[in-house]
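A.B. asks: quick one, structure for this:
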Amino acid sequence: MSDTVFDVDFTRSLPQSLKDDPNMAALGKAISGELQENIHMSRLTLIYARIDELSEEWLDILAVDLHVDWYDPDSPIEVKRAIIKDSVRIHMTLGTRPAVERVLTAYFGSGQVQHWYEYGGEPHFFRIITDNQSVSFAQEQQFMRILNIVKRKSSWLEQLRVELVEEFSAYFGLAFREFHRETHVITEEENA
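C.D. replies: Next up is the predicted model:
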């Protein structure tokens with residue numbers, strides 16, 4: 001018998017005189033059942049801690065309740081969960097590079113933001129770079145709508161770049177040989 005709060009038998013804590021009385025034992029059993037049901041129901045109130053267990057319907061409701069404006073109900077369930085889990089951090093940093101990068105990672109899996117001064121662009125512009133090669137046009141359009149909610153209003157996206165990253169081995173070699181030749185002509189005058 002386990003002694004966690006979710007499966008404990010509360011009738012065990014009754015005094016022996018009440019356990020011996022059949023009416024009191026039945027009442028204790030009924031109260032114990034109600035307490036167990038309340039404990040199980042109280043677990044359902046822990047919504048934020050159970051995001052990975054919630055259905056899509058509940059995720060959609062939670063996104064509205066938490067004012068997650070960059071939430072897209074047409075996204076896959078994994079993206080929905082990631083966005084809701086990160087919503088508090090994004091709200092705290094809205095309009096900054098970390099907020100944009102968190103949303104970018106949730107929707108594309110990876111990526112980074114480069115400000116104009118990091119790549120020699122025009123002031124107030126930035127670009128986004130991702131190596132997720134499976135980004136579709138529909139995902140790009142979805143992300144562009146969301147980006148306008150999370151980015152700073154005074155900055156503009158110059159470029160969304162998908163970089164193709166391929167790893168390969170390259171071998172280089174170099175050989176160097178120094179060759180020096182001296183020629184001496186010996187004449188009879190030098191021998192004398």
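
A.B. asks: average pLDDT across stretch 15-31?
C.D. replies: Stretch 15-31 shows a mean pLDDT of 83 in the predicted model.

A.B. asks: so what's the gap between that stretch and the chain middle?
C.D. replies: Relative to the centre of its chain, stretch 15-31 is centred 52 Å away, using CA atoms, centre = their mean, to the nearest Å.

A.B. asks: and for stretch 167-178?
C.D. replies: Averaging C-alpha coordinates over stretch 167-178 and over its chain gives two centres that are 41 Å apart (CA atoms, centre = their mean).

A.B. asks: pLDDT score assigned to the closest residue to residue 164 other than its chain neighbours?
C.D. replies: Using CB to CB, 6 or more residues apart in numbering and skipping the chain neighbours, the partner closest in space to residue 164 is residue 133 (6.2 Å). C-betas here are computed from N, CA, C, even on glycine. Taken from the predicted model, the pLDDT recorded for residue 133 is 82.

A.B. asks: okay, residue 133 and residue 163: tell me how far apart.
C.D. replies: Using CB to CB, to the nearest Å, one obtains 9 Å as the distance from residue 133 to residue 163.

A.B. asks: residue 151 now?
C.D. replies: Distance, residue 151 to residue 163, using CB to CB: 21 Å.
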